[in-house]
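> 3D, please:
(3 chains)
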Amino acid sequence: MYSAKAELEKAPKSFSVEKAHAAQRALSKHIITEDLLPNEICYVAGVDVAYTESQSIGGVVVINHSSLAVEESKIAYTTTKFPYIPTLLSFRELHPLLASIRKLELQPDVFLVDGHGLIHLNRLGLACHLGLILKAPTIGVAKGLLTGKVGEFVAGWAPITHEDSLIGVALLTGGSKNPIYVSIGHMVSLSRSMEIVKHYTKCHRIPKPLQIAHNLVTNEQRKLQKLERPTENSE
DNA sequence: GCGACAG
DNA sequence: ATCTTGTCGC
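Numbering: from 1, shown residues only, chains lettered A, B, ... in the order given. Sure thing, here's the model as predicted:
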């Protein structure tokens, strides 16, 4: 029986980048690229992580899809145990994110994630990994490209391909010149992903749920740093 | 071989 | 991502 959590917990024991990549390739086979969202979406979540010297701050915000109102937001702190290694972002950010998501009372229809989904050398970016563990729909939204070829822009978007297969899109949003990169995380189609991201980027480059989640964890980070690092302004 | 590289 | 003041521009 498949268990994403069992797969994840193997890794730290005798960790190596090669083993982590192998685990990603194995996990990626379980990604569902079919639309399993309800036709009428009610709640969309945005998740993000910020850091202090030793703590990771995971945050999640739930937005009402039709009114755009914030319905719920949660924060969680975890000790940072894994460095940032390109291609292995999920090993760093998964735990703080899960800790915050576990606190939610509402169940979002889909999660927007600040990082790639299928646009990843092993087709298992943070958004995919999170989706597998949650067994919930996720969409990857990143501000920079790690891998993939950008096609020609038509009507505000360009395909991102890898070995002739479509793995995501570059989207010109909010009138910005720099695109954001959207890809399937889990249990949602690429066209539906684009549609949802567009709904939240009428006026801004970053989708509203992600922007609010980012503000949430950043504010919390500044509070923590004030406590950890008292003002050195003494007369 | 070297550099670049989601956050 | 984080460390950080002012500053150029729409």
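> DNA strand B versus residue A:95, what's the distance?
When C-beta to the nearest atom of the strand, to the nearest Å is applied, the distance between residue A:95 and DNA strand B equals 14 Å. In short, each C-beta sits where N, CA and C put it, glycine included.
> three-state assignment of that residue?
helix (DSSP: H, G, I helix; E, B strand; the rest coil).
> Residues of chain A that sit close to DNA strand B?
Within reach of DNA strand B by C-beta under 7 Å from any atom of the strand, chain A has these residues: A:48-49, A:84, A:86-90, A:114-116, A:120, A:125-127, A:140, A:142-146.
> near DNA strand C, from the residues you listed?
Filtering the residues of chain A next to DNA strand B for proximity to DNA strand C by C-beta under 7 Å from any atom of the strand leaves A:84, A:143.
> Tell me which entries of the residues of chain A next to DNA strand B lie within helices.
Applying DSSP state H to these, the entries found in helices are A:89, A:90, A:126, A:127.
> Taking those together, which two end up most distant?
Pairwise distances across those peak at 9.9 Å for A:89 and A:127 (criterion: C-beta to C-beta).
> can you pick the most crowded of the ones in helices among the residues of chain A next to DNA strand B?
Each of these was scored for neighbours by other C-beta atoms under 10 Å, and residue A:127 scores highest at 35 neighbours.
> and it, what does it touch?
Residue A:127 makes contact with A:111, A:113, A:115-117, A:138-141, A:183-186, according to C-beta atoms under 8 Å, 6 or more residues apart in numbering.
> which one of the ones in helices among the residues of chain A next to DNA strand B is nearest residue A:42?
Of all these, residue A:127 has the smallest distance to residue A:42: 20.3 Å, by C-beta to C-beta.
> pull the CA atoms of stretch A:174-192 into CSV?
Written as CSV, here are the backbone C-alpha positions of stretch A:174-192 (Å, rounded to 0.1, in the frame of the first residue of the first chain):
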residue,chain,number,x,y,z
GLY,A,174,-1.2,41.7,-13.0
GLY,A,175,0.4,43.6,-15.8
SER,A,176,3.8,42.5,-14.8
LYS,A,177,6.6,42.0,-17.3
ASN,A,178,8.0,39.0,-15.4
PRO,A,179,5.9,35.9,-15.5
ILE,A,180,5.0,33.6,-12.7
TYR,A,181,5.3,29.8,-13.3
VAL,A,182,2.2,27.7,-12.7
SER,A,183,2.2,23.9,-12.6
ILE,A,184,0.1,21.1,-11.4
GLY,A,185,0.7,20.0,-7.8
HIS,A,186,-1.8,17.2,-7.4
MET,A,187,-5.4,16.3,-8.3
VAL,A,188,-6.0,19.3,-10.6
SER,A,189,-5.5,19.9,-14.3
LEU,A,190,-3.2,22.5,-15.8
SER,A,191,-6.0,24.5,-17.4
ARG,A,192,-7.9,24.6,-14.1
